[in-house]
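Engineer: structure of the sequence below:
(one chain, ligands or ions: 2)
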Amino acid sequence: MSNPRLPKDSRLPILAELEKKILWLASWTIHNANHLRASEDGMKVGGHQASSASLATIMTALYLGVLRPQDRVAVKPHASPIFHAINYLMGLQTREKLENFRGYKGAQSYPSRTKDIDDVDFSTGSVGLGVAQTLFSSLVQDYVKAHGWGEKRQDGRMVALIGDAELDEGNIFEALMEGWKHGLRNTWWVIDYNRQSLDAVIREGLYDRFEQMFRNFGWDVVTLKYGSLQQAAFKEKGGERLKAWIDSCPNQLYSALTFQGGAAWRKRLMDDLGDQGPVTKLIESRSDTELSRLMCNLGGHDLPSILEAFEAVDHDRPVCFLAYTVKGFGLPLAGHKDNHAGLMTKDQMEGFKTANAVRPGHEWDLFEGLSLPQSELRAFLDKVPFFSEGRRRKSAPKLPVPERLEAGIQAVMSTQMGFGKILDDLAKRGGPLADRIVTTAPDVTVSTNLGPWVNRRGLFARAEMADTFKDERIPSMQKWEFSPKGQHIELGIAEMNLFINLSALGLSHSIFGERLIPIGTLYDPFISRGLDALNYACYQDARFMVVATPSGVTLAPEGGAHQSIATPLIGMSQDGLCAFEPAFVDELAVMMRWSFDYLQRDGEGDPNERTWLRDETGGSVYLRLSTLQLEQPKRAMTPELEHAIIDGAYWLRKPGPNASVVVAYTGAVAAEAIEAVGLLGEDRRDVGLLAITSADRLNAGWQAAERARQRGNQQATSHIERLLGELSRDCGIVSVLDGHPATLAWLGSVHGHKQKALGVEHFGQTGTVADLYRHFGIDANAIVHAAQAAAPGRPVRYLKALP
Ligand SMILES: Cc1ncc(C[n+]2csc(CCOP(=O)(O)OP(=O)(O)O)c2C)c(N)n1
Ligand SMILES: [Mg+2]
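Structural biologist: Ligands and ions are numbered 1, 2, ... in the order given. Reported below is the predicted structural model:
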């Protein structure tokens, strides 16, 4: 879309007016929420005012001048008031939401794709993640283009506005490395170098480290240090002395003088530079106000320098802009080291209001206090390129999902083998779904059984790269050919990158209007390594399948350090992520088929509170798999069984009318549970065996039914209530899984049955599967023990003493 196409200079007065308005609106939003509403609801909170102000100039220049509709931005969390103010100015945010900033259903403290009404491109909040998301989104843009999709669109720039302290987060460095490997393009990171973090003023000389680091990874670095006033002053006689003084001034002192203002600047500068001829004159020729303006005229607050720097970029290499700014710029809090949570007092706000020529009662008026004619400002806003195509959020049609997935079931196999077979078959059969699947793994492609898929569909790279081993005719199971048509993105070992990549791939339909079906694999314990990024991806409503294998202590001799205990609880508690743990491969095929559809359901926002299962809105999926080979049941997959698998449980052996105990199991311990039920058979009647395929969905359904009943729907009944409702009151339940026992320990509360919950609470021991199941008390013998305790009666004859 076209630029306002005004000659460059004529934009400046308008942008300067609008910057003033944006800073006013953001400050008023915060003040209103903290001082005016706080007296009503006691929610006094800080943490935004100063932090927002430091990006006001840059964001004005970007949003109202430089950006194009295809660009996407991750805004530093605490700059959300500036973001909301810009959207309010553009008519995309409401006064009501701003008046209710940080309140229930009000504008969010940190920009949120799912909760805010204005067009948030990438959510932020947990620092560092939004930054990396822009990098991976740029790679996804390349992926989409290389596959011949979305070609009509021009490449967008993925822009991150970054707090300087945010760069302490390790995930940013991990992402930089990955970006370099994949030939990153079209990415701009703007560092708000205000030299302050939350607690303090940051270390001296960081700019040097930043600059070297970015250049190392192949980025261009553009430093915005001196504003145009300063640049002009440096050209005056004595100007170079002033420049040298600025360059050697420690961060703490610069901040302190900024806070203290003109008189303090004068005193300090005269102490250091007085009686030195021209530079003294340079200082003396300015009033206190002028001097303060000059000293605070850093590059990041100087519209002409900012516009010039951004608009001078005429290539697609990644660029880091290091913008010197003042935290709290334009506000009485400017520069104070404690200003992070600082709020303007009522008196200070009165002064600020007067300075902005805002009359009482006109605080929310868009053009109040501005000196340019309203018609001119309005005409400018109407043509701002970034907003010119309307909402930036796209959608993409749903891909058809095959009726069934083929898993090539063998008599004995593991769920991990089944996963490999299902993907291999999809790759072989082809079709629209297969073509949109993109797999990714952090250096565990082969060991999680993605190998067959990759052999058929290839690895993605913008440039072709042959497999030397193949060319040299060296036998190998893996064909590693890279091409622009490849469908696997190989990552280095960082699990944070895996989840941020899934987040970027999983938003492709919304960001680029092209649907992808991302599948990421990793070892189950390392979910914890990327957990915050996984949470972030879910919070943004990215859609992906994460396949975690191997898992639990069942990986046995693989090594104690790789065992996972807590992941089933993560699967249950992670919002936006539906967790399954199959025991058998036919279950896995049903789960994956259902998931391919579930991933594509398009209800953004809140899940239906009736089921709480997000069945209408869709979500992402977590499959916890195993390398343990189990004898597979020979059975037909009926529609009833399919439903039950998806709802979370089915009777593998239905309890008889006189059952005194049932065993409920999840995952790889199926064989132990089956054996235990056999052992119990002679001494306990009618023992039932409940296969739990999703503790997550089973539990969520139960909670939802309870909520529905509380709201007056007495008929609401959940799947687990129906299943356990058939048992007599005094029937015992033994639950068992290779994971934390709390995962299933709630089953007894459903109808008040006595329960013994078995599972794993410690890790690190290696051995055979039999050794470890015995050691942790999740083998058949331990199940029988628990069953005897849960359902007293005559001693079970096959019981062995527990070790
Ligand atoms: C992962 C994470 N840890 C801690 C925080 C709390 N926190 C919010 S902002 C911030 C530092 C702010 O410094 P900077 O990034 O330089 O931004 P500035 O306020 O200077 O603009 C911290 C520690 C967070 N949001 N996310
Ligand atoms: Mg900072």
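Engineer: for the residue lying closest to Glu166 once chain neighbours are set aside, give me its contacts.
Structural biologist: Nearest residue to Glu166 in three dimensions, chain neighbours excluded: Val127, at 4.4 Å (Cβ to Cβ, 6 or more residues apart in numbering). (C-beta placed from N, C-alpha, C; glycine too.) Val127 is in contact with Lys76, Pro77, Gly163, Ala165, Glu166, Glu169, counting by Cβ atoms under 8 Å, 6 or more residues apart in numbering.
Engineer: assumed Val127 was part of a strand.
Structural biologist: No. Read with DSSP: H, G, I helix; E, B strand; the rest coil, Val127 is coil and lies in no strand.
Engineer: from the contacts of Val127, which ones fall inside strands?
Structural biologist: Counting by DSSP state E, the contacts of Val127 place Gly163 in strands.
Engineer: quick check: Thr693 touching Gly648?
Structural biologist: Yes. With contact defined as Cβ atoms under 8 Å, Thr693 reaches Gly648; the gap is 5.8 Å.
Engineer: shared neighbours of the two, anything?
Structural biologist: Shared contacts of Thr693 and Gly648, defined by Cβ under 8 Å, 6+ apart, are absent.
Engineer: hmm, back to that, can you lay out the contacts of Val127 as a markdown table showing neighbour count, pLDDT and distance to ligand 1?
Structural biologist: Below are the contacts of Val127 laid out as a markdown table (neighbours: other Cβ atoms under 10 Å; pLDDT from 0 to 100; distance: Cβ to the nearest ligand atom, whole Å):
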| residue | neighbour count | pLDDT | distance to ligand 1 |
| --- | --- | --- | --- |
| Lys76 | 28 | 96 | 6 |
| Pro77 | 23 | 94 | 6 |
| Gly163 | 27 | 95 | 2 |
| Ala165 | 20 | 93 | 3 |
| Glu166 | 21 | 94 | 4 |
| Glu169 | 20 | 96 | 6 |
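Engineer: which one of the contacts of Val127 is nearest Asp199?
Structural biologist: Nearest to Asp199 out of these is Ala165 (Cβ to Cβ; 8.9 Å).
Engineer: that closest one: what's its closest spatial neighbour, skipping adjacent residues?
Structural biologist: Ser197 (3.3 Å).
Engineer: ok, Val73 - contacts?
Structural biologist: Contact partners of Val73, counting by Cβ under 8 Å, 6+ apart, are Leu62, Tyr63, Leu67, Asp121, Phe122, Thr134, Val159, Ala160, Leu161.
Engineer: and if we set it to 6 Å?
Structural biologist: For Val73, the contacting residues are Asp121, Val159, by Cβ atoms under 6 Å, 6 or more residues apart in numbering.
Engineer: repeat for Gly739
Structural biologist: Contacts of Gly739 (Cβ under 6 Å, 6+ apart): Gly552, Pro568, Gly759.
Engineer: most neighbours out of those, which is it?
Structural biologist: Neighbour counts for the contacts of Gly739 were taken using other Cβ atoms under 10 Å; the highest belongs to Gly552, with 32 neighbours.
Engineer: so that residue makes contact with His740?
Structural biologist: No. Counting by Cβ atoms under 6 Å, Gly552 stays clear of His740, with 10.0 Å between them.
Engineer: ligand 2 contacts on this protein?
Structural biologist: Residues of the chain lying close to ligand 2 by Cβ under 5 Å from the ion are Gly163, Asp164, Ala165, Asn194, Gln196.
Engineer: tally of neighbours for the fourth one?
Structural biologist: When you say that, I think you mean Asn194. Neighbour number of Asn194 under other Cβ under 10 Å is 31.
Engineer: where does it land on pLDDT?
Structural biologist: We have a pLDDT of 91 for Asn194.
Engineer: from what I can see it touches Gly328, true?
Structural biologist: No. Using Cβ under 6 Å, Asn194 is not in contact with Gly328, being 8.4 Å away.
Engineer: for ligand 2, what is the nearest residue in the stretch 301-450 of the chain?
Structural biologist: Residue nearest to ligand 2 within the stretch 301-450 of the chain (Cβ to the ion): Lys327, separated by 6.0 Å.
Engineer: that residue belongs to a strand?
Structural biologist: No. Counting by three-state DSSP, one finds Lys327 to be coil, located in no strand.
Engineer: ok, and the closest non-adjacent residue to it?
Structural biologist: Spatially, and ignoring its direct neighbours in sequence, Lys327 is nearest to Asn194 (4.0 Å; Cβ to Cβ, 6+ apart).
Engineer: hmm, back to that, and the gap between the residue nearest to Ala165 and ligand 1?
Structural biologist: Going from Ser197 to ligand 1 by Cβ to the nearest ligand atom, to the nearest Å gives 4 Å.
Engineer: gap between that residue and Leu630?
Structural biologist: According to Cβ to Cβ, to the nearest Å, Ser197 and Leu630 sit 52 Å apart.
Engineer: do Trp189 as well
Structural biologist: Distance, Trp189 to Leu630, using Cβ to Cβ: 48 Å.
Engineer: now Arg729, what's its secondary structure?
Structural biologist: Arg729 ends up coil, using three-state DSSP.
Engineer: show the pLDDT at Ala50.
Structural biologist: Here, the pLDDT recorded for Ala50 equals 85.
Engineer: quick one, what contacts it?
Structural biologist: Residues in contact with Ala50 (Cβ under 6 Å, 6+ apart) are Lys327, Gly328, Leu333, Asn339, Gly342.
Engineer: ok but the third one is inside a helix, no?
Structural biologist: In other words, Leu333. No. Secondary structure of Leu333 (three-state DSSP): coil, not part of a helix.
Engineer: what about His643, neighbour count?
Structural biologist: Residues near His643, counting by other Cβ under 10 Å, number 13.
Engineer: which helix is the longest one in this structure?
Structural biologist: helix 8-31 (DSSP state H).
Engineer: and it, what does it pack onto?
Structural biologist: Secondary-structure packing of helix 8-31 (3 or more Cβ pairs under 6 Å, 6 or more residues apart in numbering; DSSP states H and E): helix 56-61, helix 80-89.
Engineer: what about the shortest one, near ligand 1?
Structural biologist: No. When contact is scored as Cβ under 6 Å from any ligand atom, no part of helix 56-61 falls within range of ligand 1; the minimum is 11.3 Å.
Engineer: tell me what that helix is packed against?
Structural biologist: helix 8-31, helix 303-311.
Engineer: now these as JSON lines including mean pLDDT?
Structural biologist: Formatted as JSON lines, these follow (pLDDT from 0 to 100):
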{"stretch": "helix 8-31", "mean pLDDT": "92"}
{"stretch": "helix 303-311", "mean pLDDT": "95"}
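Engineer: of all those, which one is nearest ligand 1?
Structural biologist: For ligand 1, the closest of the helices and strands packed on helix 56-61 is helix 8-31, at 13.1 Å, according to Cβ to the nearest ligand atom.
Engineer: OK, contacts around whatever residue of the stretch 401-550 of the chain ends up closest to ligand 1?
Structural biologist: Here the residue of the stretch 401-550 of the chain nearest ligand 1 is Asp532; by Cβ to the nearest ligand atom that distance is 6.8 Å. Applying Cβ under 6 Å, 6+ apart to Asp532 gives the contacts Ser126.
Engineer: which among the contacts of Gly739 gets closest to ligand 2?
Structural biologist: After measuring the contacts of Gly739 against ligand 2 - Cβ to the ion - the closest member comes out as Pro568, at 39.1 Å.
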